[in-house]
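In: kindly return the folded structure for what I paste below:
(one chain, ligands or ions: 1)
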Amino acid sequence: MATHEEALKAVYKPSAEFQKNAHVSSMEKYREMHKQSVEDPDTFWGNIAKDFYWKTAPEGKVLDYNFNVSKGKIEIKWFEGAVTNICYNVLDRNVKDRGLGDRIAFYWEGNDPDDSAKYTYGELLKLVCKFANVLKSQGVKKGDRVAIYMPMIIELVVAMLACARIGAVHSIVFAGFSSESLAGRILDAKCEMLITTDGVYRGTKLINLKEISDGAMAKCKENAFSVKKCIVVRHLGDPVNGTDDKTSSPAAKRPCKNLRTPWNPDKDMWWHELMTDVSEECEPEWMGAEEPLFMLYTSGSTGKPKGVLHTTGGYMLYTATTFKYTFDYHPDDIYHCTADIGWITGHSYVVYGPMANAATSVMFEGVPTYPDAGRFWEYVDKYKINQFYTAPTAIRSLMKFGDSFVTKHSRASLKVLGTVGEPINPEAWVWYHKVVGDGRCPVVDTFWQTETGGHVVTPLPGCTPAKPGAACFPFFGVVPAIIDESTGKEIDGPGEGYLVFKQPWPGIMRTVYGDHERFERTYFSKFPGYYVTGDGCRRDADGYYWITGRIDDMLNVSGHLLSTAEIESSLVEHPSIAEAAVVSHPHKVKGESTYCFVTLKDGTAFNDDLVSELKDQVRKTIGPFAKPDYIQNAPALPKTRSGKIMRRVLRKIACNDRDFGDISTLADPSVVELLLENRPNIGDV
Ligand code: PRX
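Out: As a prediction, this is how the structure comes out:
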């Protein structure tokens with residue numbers, strides 16, 4: 001029996017039993033496929049493309065690109081000239097071409113355990129065609145941007161696929177963002193339309209999404225931009241607007257006394273009213289492989305979120321292929337990803353990747369601790385889930401509740417466990433493997449980003465001997481390298497530095513919406529010839545990749561990427577604040593937490609009221625998930641003589657660590673002692 005220490009350092013090989021049916025069951029096969037994917041992408045991806053429906057099929061050379069800013073514009077083109085439609089491929093191809101219309105696409109599990117539904121591929125195809133016709137009748141056309149601000153309900157999937165069907169570009173905003181953040185994203189993309197929902201329960205908390213949407217539309221108006229139409233799903237049903245249809249809407253099942261849906265008759269329309277008497281047929285808009293599919297905003301180090309743009313053909317193939325191999329998905333498996341569709345994980349691994357494989361998935365509306373901390377494992381048994389994909393922060397928070405919430409459920413169906421979003425500490429990895437997976441299921445720690453579209457460094461469950469905490473090896477098509485910051489050169493063999501990629505894979509983003517120069521500057525200018533992830537990485541003597549976390553001005557709190565600049569600019573909007581500097585601080589459950597140093601304006605006092613006002617300010621401007629953890633009074637900040645804040649020093653102060661290294665460039669070194677004295681007592685986090 002291995003000791004706990006040994007378990008953390010052990011290498012976990014897939015069982016012979018698992019390998020028997022695996023798509024890739026040996027490292028030799030993985031290496032051979034990887035070699036072909038990077039040396040001969042035309043053959044590798046060309047063969048995969050044959051499984052899909054193309055109006056005009058790709059032929060010959062599939063990739064054309066320039067990754068080097070010093071040689072001109074950064075350009076990435078996969079399957080240029082080919083024509084397809086992703087909605088056709090995830091629905092019509094399954095229903096009409098493969099005869100899978102009766103297969104369940106989604107089991108929907110509501111916030112309350114007794115609220116559930118199921119949708120076949122055939123039913124979804126009809127709903128999507130109907131809603132695509134609704135969009136068209138409201139004037140939405142190919143290339144228009146449509147903002148979607150919705151909870152985890154099936155109408156969200158229907159809305160995004162309907163956009164894809166008619167060639168409109170969806171821009172989904174996670175329904176936990178504030179009205180200000182939603183407005184910023186609508187304005188940047190000049191969205192024609194907003195699709196939202198009356199409200200949603202997360203656990204016991206009611207969130208009035210329509211009210212937040214109205215706040216966002218009002219802010220757009222202040223900025224001289226008017227969203228033309230707002231379509232509202234009646235998910236909860238309120239007694240003011242819509243007591244009329246008691247039977248047709250599922251909302252009738254969950255009437256909500258405390259919800260009032262504000263209504264603007266000039267602009268607002270109920271989804272269920274628009275969906276009556278609409279045709280169930282809708283010819284897809286045939287799209288060039290390089291035409292836009294969607295944009296999704298992600299934090300940027302300057303503070304302004306970036307609209308990451310993905311295109312049609314490459315994204316479709318990449319999400320489908322990563323889904324199949326990383327989770328070792330086989331027909332009839334039941335798969336589940338806990339992510340919200342408002343993040344990239346939901347786009348790629350709740351919707352597009354699974355559906356392209358005609359997978360049956362479970363979609364979950366609620367939170368992991370409601371009604372209790374055994375919720376995940378309860379519905380793992382209910383649906384007999386085989387592949388389960390979640391975030392390290394969820395694993396760590398559930399570990400705290402003790403093993404019995406897990407072990408009282410059988411979990412016998414589980415075959416593969418996945419994680420994503422942030423580095424997973426070996427302790428959590430081993431708990432996930434041993435307690436959740438009963439030591440039987442391979443764990444895949446998938447490293448990727450909004451920008452990469454799909455997994456880029458990941459184990460494959462049937463072949464990779466996994467090490468707890470390592471993302472392991474590159475996926476097909478991906479060529480990683482580690483660059484030493486001081487020399488700007490690639491490191492050979494073991495070493496640590498910047499994680500970069502040397503050539504494009506099909507799922508890589510193509511541009512920042514409306515700002516190609518920012519795309520080039522952010523990802524390609526630091527080391528010309530390479531895509532720079534912004535993450536640090538270590539390669540060990542066996543060639544395994546270990547992601548060490550962000551090395552730019554970004555924080556990863558509970559798997560949500562936040563920019564320090566964005567939080568700082570929110571803090572300085574408060575009338576008492578002169579200056580703010582935000583750094584990351586390690587946190588046992590969230591991975592990282594936000595630690596804010598604030599310098600007050602003369603004549604203002606630092607007290608508990610101010611601290612809660614500041615936390616509230618960030619919650620309102622960005623969203624509840626960005627609320628700072630710690631605020632420290634900083635009469636001055638450690639700056640160099642040229643005025644640059646030394647964040648490295650602030651990170652040490654936040655941790656009460658006096659090992660500052662060289663601080664001789666500080667204009668006033670006494671600031672450091674002052675800040676150490678002023679540290680709040682933050683206990684053991
Ligand atoms: O820092 C890395 C971390 O999450 C960042 C990407 O965040 P986002 O674009 O929001 O996408 C999250 C879901 C794909 C990365 O730059 N990250 C993601 N997965 C891992 C990870 N860090 C370590 N290990 C991972 N498996």
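In: what's next to stretch 469-476, contact-wise?
Out: Under the contact criterion CB atoms under 8 Å, 6 or more residues apart in numbering, stretch 469-476 has outside partners 30, 33-34, 37-38, 44, 321-322, 325-326, 423-426, 429, 445-447, 454-459, 464, 466, 480, 505, 540, 543-547. C-beta here means a position set from N, CA and C on the backbone, and glycine is covered the same way.
In: neighbours around the residue of the stretch 351-500 of the chain found nearest the ligand, how many?
Out: Nearest residue of the stretch 351-500 of the chain to the ligand, counting by CB to the nearest ligand atom: residue 450, 3.4 Å away. Residue 450: 19 surrounding residues under other CB atoms under 10 Å.
In: so which bits of the stretch 451-600 of the chain are right by the ligand?
Out: 471, 533-535, 547, 550, 556, 561 (CB under 6 Å from any ligand atom).
In: among those, which one lies nearest to residue 226?
Out: Closest to residue 226 out of these is residue 561 (30.5 Å), distances taken as CB to CB.
In: check contacts around that closest one.
Out: Contacts of residue 561 (CB under 8 Å, 6+ apart): 298-299, 450, 550, 554-555.
In: show me what it is bridged to.
Out: residue 556 (DSSP bridges).
In: just residue 106 next, same as before
Out: Bridge pairing for residue 106 - DSSP bridges - gives residue 119, residue 361.
In: do you know how far residue 5 is from residue 427?
Out: Distance, residue 5 to residue 427, by CB to CB, to the nearest Å: 11 Å.
In: now residue 468
Out: If you go by CB to CB, the gap between residue 468 and residue 427 works out to 8 Å.
In: picking up where we left off before, list buried residues within the contacts of stretch 469-476.
Out: 30, 33-34, 37-38, 44, 321-322, 325-326, 423-425, 429, 445-447, 454-459, 464, 466, 480, 505, 544-547 (16 or more other CB atoms under 10 Å).
In: coming back round to it: turn the contacts of residue 561 into CSV, columns for secondary structure, pLDDT and distance to residue 22.
Out: CSV is the format used below for the contacts of residue 561 (DSSP: H, G, I helix; E, B strand; the rest coil; pLDDT from 0 to 100; distance: CB to CB, whole Å):
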residue, secondary structure, pLDDT, distance to residue 22
298, strand, 95, 33
299, coil, 91, 36
450, helix, 98, 29
550, strand, 90, 33
554, strand, 89, 35
555, strand, 90, 37
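In: now render the residues you listed as CSV, adding distance to residue 348.
Out: Formatted as CSV, these follow (distance: CB to CB, whole Å):
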residue, distance to residue 348
298, 13
299, 18
450, 10
550, 21
554, 20
555, 23
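In: and the two most separated of these?
Out: Taking CB to CB, no two of the contacts of residue 561 sit farther apart than 450 and 555, at 15.1 Å.
In: if we can go back for a sec, which single one of the contacts of residue 561 is nearest to residue 11?
Out: Among those, and counting by CB to CB, the member closest to residue 11 is residue 550, at 27.1 Å.
In: ok, that closest one - contacts?
Out: Taking CB under 8 Å, 6+ apart, one finds 534-536, 556, 561, 584 in contact with residue 550.
In: check which helix or strand covers residue 566.
Out: helix 564-571 (DSSP states H and E).
In: check which element follows that helix along the chain.
Out: strand 577-587.
In: what are the buried residues along the lengthiest helix in the chain?
Out: The single longest helix within the chain, with elements called by DSSP state H, is helix 121-137. Residues of helix 121-137 classed as buried: 121-136 (neighbour count, 16+ other CB under 10 Å).
In: what's the answer for stretch 504-523, then?
Out: Those would be 504-513, 515, 518-519, 522-523, for stretch 504-523 by 16+ other CB under 10 Å.
In: pLDDT at the residue nearest to residue 410 when sequence neighbours are not counted, what is it?
Out: Distances taken as CB to CB, 6 or more residues apart in numbering put residue 381 closest to residue 410, at 5.3 Å, once the chain neighbours are dropped. Note on residue 381: pLDDT of 98.
In: and residue 381, that's in a helix?
Out: Yes. Residue 381 sits within a helix when classified using DSSP: H, G, I helix; E, B strand; the rest coil.
In: can you list the residues of the stretch 51-200 of the chain near the ligand?
Out: Close to the ligand, as judged by CB under 6 Å from any ligand atom, the stretch 51-200 of the chain has no residues.
In: where do the helices sit along the stretch 51-200 of the chain?
Out: 86-87, 121-137, 154-166, 179-189 (DSSP state H, counting those that start in this stretch).
In: how about TSV for these, with distance to residue 26 added?
Out: As requested, the helices of the stretch 51-200 of the chain are exported to TSV (distance: least, CB to CB, whole Å):
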stretch	distance to residue 26
helix 86-87	32
helix 121-137	33
helix 154-166	36
helix 179-189	45
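In: tabulate those helices (a markdown table), appending mean pLDDT.
Out: Listed next are the helices of the stretch 51-200 of the chain as a markdown table, based on pLDDT from 0 to 100:
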| stretch | mean pLDDT |
| --- | --- |
| helix 86-87 | 99 |
| helix 121-137 | 98 |
| helix 154-166 | 98 |
| helix 179-189 | 97 |
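In: of all the contacts of residue 550, which comes closest to residue 369?
Out: residue 556 (21.2 Å).
In: count of neighbours near that closest one?
Out: With other CB under 10 Å as criterion, residue 556 counts 21.
In: contacts only, for it.
Out: 421-422, 549-550, 562, 584, 591-592.
In: for residue 306, see how far away residue 514 is.
Out: Distance from residue 514 to residue 306, by CB to CB: 10 Å.
In: tell me where the stretch 251-400 of the chain is predicted with low confidence.
Out: Along the stretch 251-400 of the chain, the parts satisfying pLDDT under 70 run over 252.
In: what does it put close to the ligand?
Out: Counting by CB under 6 Å from any ligand atom, the stretch 251-400 of the chain sits next to the ligand at 298, 344-345.
In: turn those into TSV, including neighbour count and distance to residue 497.
Out: Shown next, in TSV, are those (neighbours: other CB atoms under 10 Å; distance: CB to CB, whole Å):
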residue	neighbour count	distance to residue 497
298	18	23
344	25	25
345	24	26
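In: how about stretch 343-354: buried residues?
Out: 343-354.
In: can you give me the end-to-end distance of that stretch?
Out: Taking CA to CA, to the nearest Å, stretch 343-354 runs 16 Å from one end to the other.
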